[in-house]
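A.B. asks: Following is a predicted model, sequence given first.
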Amino acid sequence: MKKFIILMFLMIFLLTFVATSFAAERYAMVVFLKGSEFFNWAYKGMIDAAKMLDPSIEVELQGPSTWDATLEARAIEQLIAKGVNGVIVTAGEASALVPAINRAIDAKIPVITFDSDAPASKRLSFVGTNNYNAGYAAGKAISEWLGEKGKVGISTFPGPAHLVERIEGFKAALAEGIEIVATVNDEGDVAMAETQITAMLQANPDINGIFAAHGNPG
């Protein structure tokens with residue numbers, strides 16, 4: 001279902017901007033963590049959508065392999081210089097990306113954000129979840145599973161605003177009898193998540209549940 005939603009979103013994006021020209025089109029996806037399984041699936045959806053619309057459409061995936069908002073903004077700037085026809089961005093740190101997104105729009109390059117938004121920018125639209133509500137739902141669920149008492153840990157990494165929103169929602173929904181005993185920085189990396197969560201469990205063997213704020217710790 002997730003892949004289908006991503007595919008449909010990308011089809012709408014491409015249909016909106018491809019139909020205006022008969023020349024070969026180039027579109028790019030810019031992510032804040034290249035190599036993430038979630039973003040790999042999103043990019044696969046973009047590839048599939050492009051093939052369905054027109055085999056001549058070219059797509060590319062750009063972004064840093066480690067968390068660095070400056071490098072993500074630079075990737076957008078480089079795409080502006082290349083003159084791509086449209087950009088899809090997941091805004092890891094919105095404030096750092098607003099200038100680059102606005103320059104793309106000013107250069108007549110449409111920009112849509114997904115997963116993590118930059119509402120203060122000139123981006124055309126956002127496709128994604130309400131991250132606070134998603135975290136809140138997770139907090140409610142874990143509270144029910146634990147019978148409203150116990151100890152939990154959180155795996156996340158600092159920077160992305162949407163992860164902050166998810167954690168805020170998670171904390172707000174926790175039952176009073178549930179205590180957050182540890183929060184670890186997994187750096188958005190699968191191997192690091194395994195290492196950090198293992199260490200957290202060893203240091204806190206009485207943990208009853210873990211909230212993974214993003215996909216890689218899962």
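C.D. replies: Sure, I can see it. Quantities reported herein were computed from a predicted structural model and do not represent experimental measurements.
A.B. asks: going forward, measure contacts and count neighbours with C-alpha atoms only.
C.D. replies: Noted.
A.B. asks: ok, and for the helix or strand containing residue 139, which residues are buried?
C.D. replies: Element membership for residue 139 (DSSP states H and E) is helix 131-145. In terms of neighbour count (16 or more other C-alpha atoms under 10 Å), helix 131-145 has its buried residues at 131-143.
A.B. asks: Look up the pLDDT of residue 53 for me, please.
C.D. replies: pLDDT for residue 53: 88.
A.B. asks: for residue 207, same thing?
C.D. replies: At residue 207, pLDDT is 96.
A.B. asks: what do you get for residue 81?
C.D. replies: Looking at residue 81, its pLDDT is 97.
A.B. asks: Turn the buried residues of helix 131-145 into JSON lines, including distance to residue 168 and pLDDT.
C.D. replies: What follows is the buried residues of helix 131-145, written out as JSON lines (distance: C-alpha to C-alpha, whole Å; pLDDT from 0 to 100):
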{"residue": "131", "distance to residue 168": "9", "pLDDT": "91"}
{"residue": "132", "distance to residue 168": "7", "pLDDT": "95"}
{"residue": "133", "distance to residue 168": "9", "pLDDT": "96"}
{"residue": "134", "distance to residue 168": "10", "pLDDT": "94"}
{"residue": "135", "distance to residue 168": "7", "pLDDT": "96"}
{"residue": "136", "distance to residue 168": "8", "pLDDT": "97"}
{"residue": "137", "distance to residue 168": "11", "pLDDT": "97"}
{"residue": "138", "distance to residue 168": "11", "pLDDT": "96"}
{"residue": "139", "distance to residue 168": "10", "pLDDT": "96"}
{"residue": "140", "distance to residue 168": "13", "pLDDT": "97"}
{"residue": "141", "distance to residue 168": "15", "pLDDT": "97"}
{"residue": "142", "distance to residue 168": "15", "pLDDT": "96"}
{"residue": "143", "distance to residue 168": "15", "pLDDT": "96"}
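A.B. asks: that older thread, and the helix holding residue 139, what other elements does it pack with?
C.D. replies: Judged by 3 or more C-alpha pairs under 8 Å, 6 or more residues apart in numbering; DSSP states H and E, the packing partners of helix 131-145 are helix 161-173.
A.B. asks: can you pull out the strands in this structure?
C.D. replies: Per DSSP state E, the chain carries strands over the ranges 26-30, 58-62, 86-89, 111-114, 125-127, 149-156, 177-185, 209-212.
A.B. asks: So which of those strands is the most surrounded?
C.D. replies: Most buried of these, by mean neighbour count (mean count of other C-alpha atoms under 10 Å): strand 86-89, with a mean of 26.
A.B. asks: For that strand, what does the pLDDT average out to?
C.D. replies: 96.
A.B. asks: Likewise for stretch 173-193?
C.D. replies: Across stretch 173-193, pLDDT averages out at 91.
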